[in-house]
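>>> model this:
(one chain, ligands or ions: 1)
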Amino acid sequence: MSAHRTDLSAVARRWAADLDSWPVPLRFDADQRWYARLAGDVDHEVWALSWLPGQGTDLHDHGGCSGAFVVVSGVLTEETVAGTRLRPHRLPAGAGRRFGSRHVHQVTNRGPDPAVSVHVYRPALRRMTRYLLADGRLRVAEVAEAGVAW
Ligand SMILES: [Fe+2]
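Numbering: from 1, shown residues only. Got it, this is the predicted structure:
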């Protein structure tokens with residue numbers, strides 16, 4: 001990785017630290033996980049997500065993008081594939097995570113409080129694949145065009 005490239009984790013933290021600068025006001029949606037695109041250019045794209053208790057993603061990749069995310073408030077649980085199982089990682093407010101272009105995960109708010117997070121993808125997210133972990137193996141469930149933050 002070349003040194004002059006923007007640090008995606010630092011970008012996520014900058015947006016996470018300044019909700020007043022968001023072009024779209026934060027909100028929560030009881031029907032589905034809320035998301036909004038905050039910024040983007042040819043290099044990377046920034047999304048805000050909010051999660052009410054119980055809201056989460058399916059198991060997915062990021063269509064070859066690498067990225068980073070940071071939890072603004074609440075607690076998120078990221079699960080990654082470990083052998084034939086999913087391994088949970090608890091991410092409280094302030095915690096962040098970088099991920100590579102082949103990262104597969106699912107993220108859920110298992111806590112009692114609403115959660116907010118900021119996600120940065122490089123390059124901009126175009127496509128992602130949903131997976132199922134069945135009988136200890138990853139199986140493709142669906143390939144979806146982006147327009148939705150994952
Ligand atoms: Fe993701």
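
>>> quick check: pLDDT value at residue 55.
Per-residue confidence for residue 55 comes out at a pLDDT of 97.

>>> residues touching the closest residue to it other than its chain neighbours, list them.
Here the nearest residue to residue 55 in space, its sequence neighbours aside, is residue 33; by CB to CB, 6 or more residues apart in numbering that works out to 4.6 Å. (Glycine included, C-beta is placed from N, CA and C.) With CB atoms under 8 Å, 6 or more residues apart in numbering as the criterion, the residues that contact residue 33 are 49, 50, 51, 52, 55, 56, 57.

>>> do the same with residue 51
When the contact criterion is CB under 8 Å, 6+ apart, the partners of residue 51 are 33, 74, 76, 107, 108, 109, 114, 115, 116, 117.

>>> who's in contact with the third one?
For residue 76, the contact set (CB under 8 Å, 6+ apart) comprises 51, 91, 107, 108, 109, 111, 115, 117.

>>> beta partners of the closest residue to the fifth one other than its chain neighbours?
The shortest distance from residue 109 to any residue that is not its chain neighbour, by CB to CB, 6+ apart, is 3.8 Å, and that residue is residue 51. As for beta bridges, residue 51 partners with residue 115 under DSSP bridges.

>>> and residue 51, how far from residue 57?
From residue 51 over to residue 57 the distance is 9 Å, taken as CB to CB, to the nearest Å.

>>> any common contacting residues for those two?
Listed contacts common to residue 51 and residue 57 are 33, 107, 108; contacts here mean CB under 8 Å, 6+ apart.

>>> now the residues you listed as JSON lines including secondary structure?
Compiled in JSON lines, the shared contacts of residue 51 and residue 57 are given as follows (DSSP: H, G, I helix; E, B strand; the rest coil):
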{"residue": "33", "secondary structure": "coil"}
{"residue": "107", "secondary structure": "strand"}
{"residue": "108", "secondary structure": "strand"}
